[in-house]
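1. got a predicted model here, sequence first, then my questions.
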Amino acid sequence: MSTTIDHLHGEGAAHDEHSHDHHPTGLKRWLFATNHKDIGTLYLFFSLTMLMEGGLLALALRTELFSPGLQFVDPELFNQFTTMHGLIMVFGAIMPAFVGFANWQVPLMIGAPDMAFARMNNFSFWLLPPAAILLTASFFVPGGATSAGWTLYAPLSVQMGPGMDLAIFAVHIMGASSIMGSINIIVTILNMRAPGMTMMKMPMFVWTWLITAYLLIAVMPVLAGAITMLLTDRHFGTSFFNAAGGGDPVMYQHIFWFFGHPEVYIMILPAFGIISQVIPAFARKPLFGYASMVYATSSIAILSFMVWAHHMFTTGMPVTAQLFFMYATMLIAVPTGVKVFNWIATMWRGSMTFETPMLFAIGFIFVFTMGGFTGLILAVTPIDIQVHDTYYVVAHFHYVLVAGSLFALFSGFYYWSPKWTGHMYSEARGKFHFWNSLIWFNVTFFPMHFLGLAGMPRRYADYPLQFTDFNRVATVGAFLFGLTQVYFLFFVVLPTIRGGAKAAAKPWEGAEGLEWTVPSPAPFHTFETPPVVE
């Protein structure tokens with residue numbers, strides 16, 4: 001029996017001379033990684049790199065918008081920055097970061113030894129760097145990167161230069177990566193849970209990722225279809241989106257947003273999962289309304305398929321359709337409200353302490369809820385027709401994606417990094433990062449609501465004099481917010497990885513002298529080693 005176990009673990013006497021193959025070091029360890037923790041780390045570093053690149057593009061945009069008139073870039077380059085900022089942040093920063101969290105945490109949370117398909121896990125990561133290089137390289141081809149916006153709307157995108165082809169190819173590759181990652185996560189969660197962990201005992205983070213993975217598998221092929229039709233319109237003489245050839249440019253919008261709206265929930269559901277882990281830990285109470293959280297998450301996912309055309313109220317759709325999409329969009333506020341209520345109820349009368357993960361979680365609830373309310377306002381068709389494609393919309397989705405997804409990622413990093421690195425981060429630096437992020441985020445994006453209501457359109461490099469003050473405030477805020485994230489990288493992340501105080505076995509138990517007495521969700525102490533068949 002023991003030899004069989006040794007054989008399974010690759011640690012038998014016959015394997016001694018090759019044991020370095022099982023634990024490769026240096027470049028090999030990362031290139032051929034099949035360990036879920038190593039792959040999770042790769043995803044997180046990749047997303048951090050992309051966050052910095054996307055952030056630089058955003059700062060380039062804000063620099064141009066500091067004053068009216070054209071300062072540094074021509075409108076074409078300005079729009080290229082806009083497009084690339086969007087694509088890099090969505091496909092390069094936020095989504096890979098959440099996949100990194102899933103790789104690290106899902107096997108640990110369900111008691112699985114690793115992800116189900118280790119080699120596919122490696123492949124799904126290593127598709128990303130070439131795609132990122134392709135995307136960035138589109139700046140350096142004749143005609144430059146695409147300036148069609150991150151949505152790549154036809155017919156504009158049909159007439160773009162070769163940079164558009166690179167962007168299409170990059171998005172295809174990233175989509176393939178997402179689909180493989182999702183299959184892996186679903187199979188891992190459904191097949192590899194520890195004995196005794198039923199579905200309704202899974203941690204919320206695992207639930208949100210299971211639902212997110214299903215969303216990804218449903219919508220990524222839709223995006224692939226849209227950009228493939230775009231490609232054939234560009235090079236093979238088809239007329240899917242060309243009205244002169246019998247096509248319809250609005251059809252592109254329908255197909256794109258059928259992917260695009262579930263996509264925004266793909267970027268926020270794992271964030272909900274992280275917040276649902278952090279708040280109970282620091283309130284020292286079990287999550288309030290666990291079952292309702294699971295059902296709310298599922299409802300959000302299902303409803304997300306029924307609301308896509310709220311991005312298209314200005315395309316001239318029938319009033320009946322406008323009403324349907326308006327009411328369906330408002331309906332999503334119900335399960336989202338359930339989640340916010342449950343988080344607040346979890347904190348209610350809890351023994352709360354305010355370490356950095358909890359600060360980011362509470363910051364998340366506050367700012368994400370504001371983003372949710374502006375979304376509700378945008379759901380109202382007549383209002384949306386007025387503020388469509390203005391800075392009001394920019395403010396809305398940055399409140400959801402920066403203060404939503406990004407704050408949740410920060411919260412999760414501070415919460416789990418002691419487990420990941422074995423070191424405690426500096427609490428003072430963490431709090432400095434939080435307060436600066438919260439303040440400068442609001443200074444950057446809150447004025448955009450006013451700009452949008454006053455009628456300033458987005459994706460314009462120039463603007464009338466009346467918008468100067470708010471734009472200057474936003475630009476200053478953006479630079480300070482960006483500097484805060486550089487501080488996070490160099491003064492929090494890297495020092496925590498390299499060393500620092502050793503983390504306790506249970507880093508958050510007894511924080512501030514309080515004991516957390518909540519039983520763990522699954523009977524981890526009753527696991528038995530499964531018998532080995534000889």
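-> Thanks, I have it.

2. how about stretch 412-422: buried residues?
-> With burial defined by 16 or more other C-beta atoms under 10 Å, the residues of stretch 412-422 counted as buried are 412-421. C-beta: built from backbone N, CA, C; applies to glycine.

3. please apply the same query to stretch 24-41.
-> Applying a neighbour-count criterion of 16+ other C-beta under 10 Å, the buried positions in stretch 24-41 are 30, 33, 35-41.

4. what of stretch 497-509?
-> Applying a neighbour-count criterion of 16+ other C-beta under 10 Å, one finds 497, 500, 503, 507-508 buried in stretch 497-509.

5. can you list the residues you listed in TSV and add pLDDT?
-> Formatted as TSV, the buried residues of stretch 497-509 follow (pLDDT from 0 to 100):
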residue	pLDDT
Ile497	94
Gly500	82
Ala503	91
Pro507	90
Trp508	88
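
6. what number of residues are in the vicinity of Leu376?
-> Neighbour count of Leu376, defined by other C-beta atoms under 10 Å: 17.

7. closest to Trp308 among the buried residues of stretch 412-422?
-> Using C-beta to C-beta, Gly412 is the member of those that lies nearest Trp308, at 28.5 Å.

8. which one is that closest one nearest to, not counting chain neighbours?
-> Ile274 (4.0 Å; C-beta to C-beta, 6 or more residues apart in numbering).

9. A helix includes the one you found, no?
-> Yes. Ile274 forms part of a helix when assessed by DSSP: H, G, I helix; E, B strand; the rest coil.

10. go ahead and confirm Ser276 touches Met293.
-> Yes. Shown here, Ser276 and Met293 form a contact pair, counting by C-beta atoms under 8 Å, at 6.2 Å.

11. give me the common contacts of those two.
-> The contact sets of Ser276 and Met293 overlap at 204, 287, 339 (C-beta atoms under 8 Å, 6 or more residues apart in numbering).

12. can you put those residues in TSV and add neighbour count and pLDDT?
-> What follows is the shared contacts of Ser276 and Met293, written out as TSV (neighbours: other C-beta atoms under 10 Å; pLDDT from 0 to 100):
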residue	neighbour count	pLDDT
Met204	24	97
Leu287	21	96
Lys339	21	97
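
13. sort out for me which of the residues you listed are in helices.
-> Taking DSSP state H as the definition of helices, those contribute 204, 339.

14. Gly245: what's it in contact with?
-> Contact analysis of Gly245 by C-beta under 8 Å, 6+ apart lists 238-239.

15. distance check, it against Met229.
-> The gap separating Gly245 from Met229 is 12 Å, by C-beta to C-beta, to the nearest Å.

16. what do these two both touch?
-> Thr238.

17. ok, back up a step: looking at the shared contacts of Ser276 and Met293, which is nearest Ala145?
-> Minimum distance to Ala145 across the shared contacts of Ser276 and Met293 is 37.4 Å, recorded for Lys339 (C-beta to C-beta).

18. state the helix or strand in which Asp462 lies.
-> Using DSSP states H and E, Asp462 sits in no helix or strand.

19. how about the contacts made by it?
-> Applying C-beta under 8 Å, 6+ apart to Asp462 gives the contacts 68-70, 75.

20. give me the distance between the residue positioned nearest the centre of the chain and Thr34.
-> The residue lying closest to the centre of the chain (C-alpha atoms, centre = their mean) is Ile94, at 3.1 Å. When C-beta to C-beta is the yardstick, Ile94 and Thr34 sit 25 Å from each other.

21. neighbours around the closest residue to Gly350 other than its chain neighbours, how many?
-> Leaving aside its sequence neighbours, Gly350 sits nearest to Ala283 (C-beta to C-beta, 6+ apart; 3.0 Å). Using other C-beta under 10 Å, the number of residues around Ala283 comes to 24.

22. am I right that Ala283 is in contact with Ala345?
-> No. Taking contacts as C-beta under 8 Å, Ala283 lies outside contact range of Ala345: 9.7 Å.

23. three-state assignment of the spatially closest residue to Ile377 that is not a sequence neighbour?
-> Of all residues not flanking Ile377 in the chain, Ile383 sits nearest, at 5.9 Å (C-beta to C-beta, 6+ apart). Look at Ile383: counting by three-state DSSP, its state is helix.

24. so which strand or helix has Ser437?
-> Following DSSP H and E, one finds Ser437 within helix 427-453.

25. so which elements touch that helix?
-> When contacts are defined as 3 or more C-beta pairs under 8 Å, 6 or more residues apart in numbering; DSSP states H and E, helix 427-453 packs onto helix 356-379, helix 391-400, helix 407-421, helix 468-487.

26. between the ones you listed, which gets nearest to Thr63?
-> Thr63 sits nearest to helix 468-487 of all the helices and strands packed on helix 427-453, at 6.9 Å, using C-beta to C-beta.

27. give me the helices and strands touching that closest one, please.
-> When contacts are defined as 3+ C-beta pairs under 8 Å, 6+ apart, helix 468-487 packs onto helix 36-64, helix 427-453.

28. if we can go back for a sec, buried subset of the contacts of Asp462?
-> Neighbour-count burial (16+ other C-beta under 10 Å) is assigned to none of these.

29. want to throw those into TSV with pLDDT and secondary structure?
-> Shown next, in TSV, are these (pLDDT from 0 to 100; DSSP: H, G, I helix; E, B strand; the rest coil):
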residue	pLDDT	secondary structure
Pro68	96	coil
Gly69	95	coil
Leu70	95	coil
Pro75	94	helix
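
30. would you reformat these as JSON lines and include distance to Thr83?
-> Below are the contacts of Asp462 laid out as JSON lines (distance: C-beta to C-beta, whole Å):
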{"residue": "Pro68", "distance to Thr83": "23"}
{"residue": "Gly69", "distance to Thr83": "22"}
{"residue": "Leu70", "distance to Thr83": "18"}
{"residue": "Pro75", "distance to Thr83": "13"}
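
31. among those residues, which two are most distant?
-> Using C-beta to C-beta, the contacts of Asp462 span at most 13.4 Å, a distance reached by Pro68 and Pro75.

32. can you pull the contacts of Thr390?
-> Residues near Thr390 by C-beta under 8 Å, 6+ apart: 451-453, 455-458.

33. write the PyMOL selection for whichever of those residues are buried.
-> Only the buried members of the contacts of Thr390 enter the following PyMOL selection, criterion being 16+ other C-beta under 10 Å:
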select buried, resi 451+452+456+458
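
34. which SSE is the closest residue to Ala224 other than its chain neighbours in?
-> In space, and not counting its chain neighbours, Ala224 is closest to Gly175: 5.4 Å by C-beta to C-beta, 6+ apart. Gly175 is part of helix 163-191, with elements assigned from DSSP H and E.

35. quick check: buried residues in that helix?
-> Neighbour-count burial for helix 163-191, counted by 16+ other C-beta under 10 Å, picks out 163-186, 188-189.

36. report the mean per-residue pLDDT for it.
-> For helix 163-191, mean pLDDT is 97.

37. so where is this protein shaky, pLDDT-wise?
-> In the predicted model, the chain carries pLDDT under 70 at residues 1-22, 510-534.

38. how far does stretch 211-222 sit from the chain's center?
-> A distance of 14 Å separates the centroid of the chain from that of stretch 211-222, by C-alpha atoms, centre = their mean, to the nearest Å.
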